[in-house]
Every structure is written in C-alpha cells, then in structure tokens.
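J.: Let me see the structure of the following:
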Amino acid sequence: MSERPADPIRPTDDAARALARDLITRTRFAALGVLDPETGDPVVTRIALVPGPDHVPLTLISTLSTHTAAMDANPACSVLIGEPGAKGDPLTHPRLTLQARAETADKAALRAHYLDLYPKAQLYYDFGDFRLVRFRPISALLNGGFGKAFRLIPADLVA
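T.: I've put the predicted structure just below:
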C-alpha cells in the first residue's frame, strides 16, 4: 500500500497572514485573470493595484478594456500579487493568488486615498471611462517561497 504524499499546504499562522497583508500593502502592480465572456477562455492582464482603506485591493480600470467587460459578465477573477526581486530565483519570492469578486467601488470617495498611493493615476483618474474596482476576497493562496504554501480566508487578509 502506498503512502499518501504529505500535504504541501502548511497551517496558516500569523507570519503567513502578515506576509499576505504586506504583499497587498506594498505591491503596486498585479496580474488580473478573468474569463473572456465570448469564448470562456482565460485572459490575463497587468493592472495597477493599491490597498483600500480596509486592505482590500483596488484598481482603476477603463470601461473600454476587455478585462472590464469580462468582469461585468462574470465578476469572479483572480489577482496575482507580488513581483520577483532583482536577484535570485523568481520562484523563491513571495506571491499571493487572490480569488475574488470584482465590485465597483466609490471612485469619488476613494479618490484621495487612491491617488496618495498611486499618484501617477492623477493623469487619468477623473476620465469618465475609468472606474474603481474592489477585489473582494473569496480565498487566497500564499506562496512564501519554496516549501511555504498557505491557504487563507478573507479574515486573514484584513488587519
């Protein structure tokens, strides 16, 4: 009889929660995965990202973009947060895969907050075709580097 392989997912602890929150707080770009409403095929794009006041990630996106139409058709999405560092194997750097629902956020109310964290958006924040999207977490997978995998729930991600 063969033994079952050991579960690679570690029990979630305070260090994992802190790392996930830190990634959300300091990351300014992320990869967004959505499903194309016409074909059902996955689409991935790069987005700007800031933490909301409640630490739920926010992005400012054009309503003219393909990924916005995809989120309108199906708000289920995935956001990969965390970039490899300048040195070393990119797979050893921490990253957080957020499984989320895209929701329209109050663009006017969050203007100062967003622009304080991402001032370059001042050029287009007030354009009529841009809206603010909040990624409400459903679950998350944290890879803190080799051998450091964790499953997180929404409560793990907010301070």
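J.: use CA for all of it now, contacts and neighbours both
T.: Will do.
J.: got a list of contacts for whichever strand in the chain runs longest?
T.: The strand that spans the most residues within the chain, counting by DSSP state E, is strand 130-143. For strand 130-143, the surrounding residues in contact (CA atoms under 8 Å, 6 or more residues apart in numbering) are 16, 20, 52, 56-63, 94-107, 124, 148-154.
J.: Report the buried members of those.
T.: Among the contacts of strand 130-143, those that count as buried by neighbour count (16 or more other CA atoms under 10 Å) are 16, 20, 52, 56-62, 94-103, 105, 107, 149-153.
J.: could you turn the following helix or strand past the longest strand of the chain into PDB, dropping everything but the C-alphas?
T.: Sequence order places strand 149-152 as the next helix or strand after strand 130-143, per DSSP states H and E. Coordinates of each C-alpha in strand 149-152 appear next as PDB, following Å, rounded to 0.1, in the frame of the first residue of the first chain:
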ATOM      1  CA  ALA A 149       2.400  27.400   0.900                       C
ATOM      2  CA  PHE A 150      -0.700  28.500   2.800                       C
ATOM      3  CA  ARG A 151      -4.400  28.800   2.200                       C
ATOM      4  CA  LEU A 152      -6.000  31.900   3.500                       C
END
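J.: counting contacts, what elements does strand 149-152 pack onto?
T.: Using 3 or more CA pairs under 8 Å, 6 or more residues apart in numbering; DSSP states H and E, the elements in contact with strand 149-152 are strand 9-10, strand 130-143.
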